[in-house]
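Enquirer: Let's see this in three dimensions:
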Amino acid sequence: MRIGFATTEYVTEKYFSGGLANYLHRIAKALLSLGHEVHIVVLSEIDRAEFEYEGIQIHRLTLGKIQQRLDKLSRYSMCQTSQCLDFSFQVYRKLLKLHKQQPFDIVQFPDWDACGVISSLILPIPQVTRISAYRPVWYERSGEQRDRDEQIIQWLEGLQMRLNKHIYVPSCTVKRLLAQQAKITNVQVIRTPFYLETSDWDSSVFNEYLQGKKYLLFFGRFQLLKGFHILAQALPQVFEKHPDCHAVFVGRDLSSPLAPSMKEYALSLCNQYADRLIFIDQIPHTQLYPVIAGAKLVVLPSLIDNLPNACLEAMGLGKPIIGTIGASFEELLTEGETGFLVLVGEVNALASKINEVWMHPSLNEIGQAAKWKVQEFAIENTVKELLNYYEKVIRDIKYA
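Expert: I've put the predicted structure just below:
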């Protein structure tokens, strides 16, 4: 097949740490290994560069006149909306141009930022939408307020979902939320393929910051949705009880309604234990894998998630994980067998769970059980399921 993907983020770009970027790179490499041709159309700060990256065809698009005109018309009050519409239109034009040169069999869009909304209306190619994050629930769980700009983007994402009749999600949790809250029932669950992306490890970051330390690890964006603040609030109770425990945070620092910097927020809460907090900026998998492998425990207290890459990666490296109930982790972790679970947003419960697990006598065995569990997400299972879904979509459209 000749398969196209559109996305607002990818691993070739400046900010590569998002779940969407890492998922797409993993699926693109898996499809490529099975003999398929893969094209990625991505929003970029680099003007219209096209190149090959690990065998994948990359097409960069920058924002242009549509954004500029909409910004002027709205007096710069809806900058995110103008960016979304500009990129969505450019994605349509780029995919149509590539399709005329050599036809695509199918193209895939994320729901996030509605980058497929124009294509869903007029692009004459079979297409699917993968729900990466259902914005209404994401805002509800985080407690963040939506301004008019964000409300319009949410509406555009909903429009794309209703225009595109072929939708799939990685988790049963999000499928259930879509049915309950959006009344969207034409949803297929297709698990995210997982494999360790590289065996070429670079231990320089681990050696510099973590050698000889016992630590729990959080990796991902420092934001409310990922439960960063819940972990930060729980840590003083953990540090008081376990003098040997350090907390390592790897990822991109962000602002939130709680603080301009979530890193500084954590430091302020753990002031007397500041020397036991270690922050590392986003790093590539070659450097991240040794950091994960060296952790005693991985803590991912998300308020809501969609079968996150971080959990799959930690499981794949044999690490015991604390995840949250109701945020999709229970689809991966069984309490005391392949991991540990705690209620969403409960600071004291998280602190108690970390304190309990830190001294658990069977952590290595539970980590190994998690490693075996994640084999269910191997390429031969998940990518085959995705390709079967693509073929069904193509047939349905052909004979509609």
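
Enquirer: And for the helix or strand hosting L98, what's in contact with it?
Expert: Per DSSP states H and E: L98 is located in helix 79-101. With contact meaning Cβ atoms under 8 Å, 6 or more residues apart in numbering, helix 79-101 is reached by 4, 6, 8, 39, 41, 43, 59, 61, 63-67, 70-71, 74, 104, 107, 109, 113-119, 122-125, 149-150, 152-153, 156. All C-beta atoms are positioned from the backbone trio N, CA, C, and that covers glycine.

Enquirer: Please narrow these to those residing in strands.
Expert: 4, 6, 39, 41, 43, 59, 61, 107, 109 (DSSP state E).

Enquirer: Once you drop chain neighbours, what's closest to the fifth one?
Expert: Distance criterion Cβ to Cβ, 6 or more residues apart in numbering; nearest residue to L43, sequence neighbours excluded, is T8 at 4.7 Å.

Enquirer: what angle separates the helix holding L98 from strand 106-110?
Expert: 170 degrees (axes from the mean of the first three to the mean of the last three Cα atoms, to 10 degrees).

Enquirer: Go through helix 79-101 and flag the buried ones.
Expert: By 16 or more other Cβ atoms under 10 Å, the buried positions in helix 79-101 come out as 81-92, 94-96, 98-99.

Enquirer: Stretch 57-75 too?
Expert: For stretch 57-75, by 16+ other Cβ under 10 Å, it's 57-61, 63, 66-67, 70-71.

Enquirer: any idea which of the ones in strands among the contacts of helix 79-101 is closest to W358?
Expert: Distance to W358 across the ones in strands among the contacts of helix 79-101 (Cβ to Cβ) is lowest for L43, with 41.4 Å.

Enquirer: now the closest one: how far from I122?
Expert: 20 Å (Cβ to Cβ, to the nearest Å).

Enquirer: Looking at those two, which has the bigger crowd around it?
Expert: L43 (22 against 8; other Cβ atoms under 10 Å).

Enquirer: Need the three-state assignment for G345.
Expert: Here G345 is recorded as coil under DSSP: H, G, I helix; E, B strand; the rest coil.

Enquirer: re earlier: save the buried residues of stretch 57-75 as TSV, and put in pLDDT and distance to Y289 too.
Expert: TSV is the format used below for the buried residues of stretch 57-75 (pLDDT from 0 to 100; distance: Cβ to Cβ, whole Å):
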residue	pLDDT	distance to Y289
Q57	97	27
I58	97	24
H59	96	29
R60	95	27
L61	94	31
L63	89	34
I66	83	40
Q67	84	38
L70	83	42
D71	78	41
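
Enquirer: ok, so of the residues you listed, who is nearest D244?
Expert: I58 (45.0 Å).

Enquirer: Which residue ranges of the chain form strands?
Expert: Counting by DSSP E, the strands of the chain are 2-7, 37-43, 50-53, 56-61, 106-110, 127-130, 167-169, 187-189, 214-219, 245-250, 277-280, 297-299, 321-325, 340-343.

Enquirer: ok, the third one: who's next to it in the sheet?
Expert: Right, the one you point to is strand 50-53. Strand 50-53 has the following strand partners under DSSP bridges: strand 56-61 (antiparallel).

Enquirer: so how far is the partner strand off the chain centroid?
Expert: Centre-to-centre, strand 56-61 and its host chain are 20 Å apart (Cα atoms, centre = their mean, to the nearest Å).

Enquirer: between it and strand 37-43, what angle do the directions make?
Expert: Going by the same axes, to 10 degrees, strand 56-61 makes 20 degrees with strand 37-43.

Enquirer: Next, the residues that contact strand 56-61 from outside, please.
Expert: 10, 12, 25, 28-29, 32, 37-44, 46-52, 87, 90-91, 94, 98.

Enquirer: Would you write a ChimeraX line that selects the buried entries of those residues?
Expert: Those of these that count as buried under 16+ other Cβ under 10 Å are selected in ChimeraX with:
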select :10,12,25,28,29,32,37,38,39,40,41,42,43,44,87,90,91,94,98
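
Enquirer: residue ranges with poor pLDDT in the stretch 251-400 of the chain?
Expert: Counting by pLDDT under 70, the stretch 251-400 of the chain has low-confidence residues at 400.

Enquirer: Kindly recompute the last result at 90.
Expert: 282, 284, 378-381, 396-400 (pLDDT under 90).
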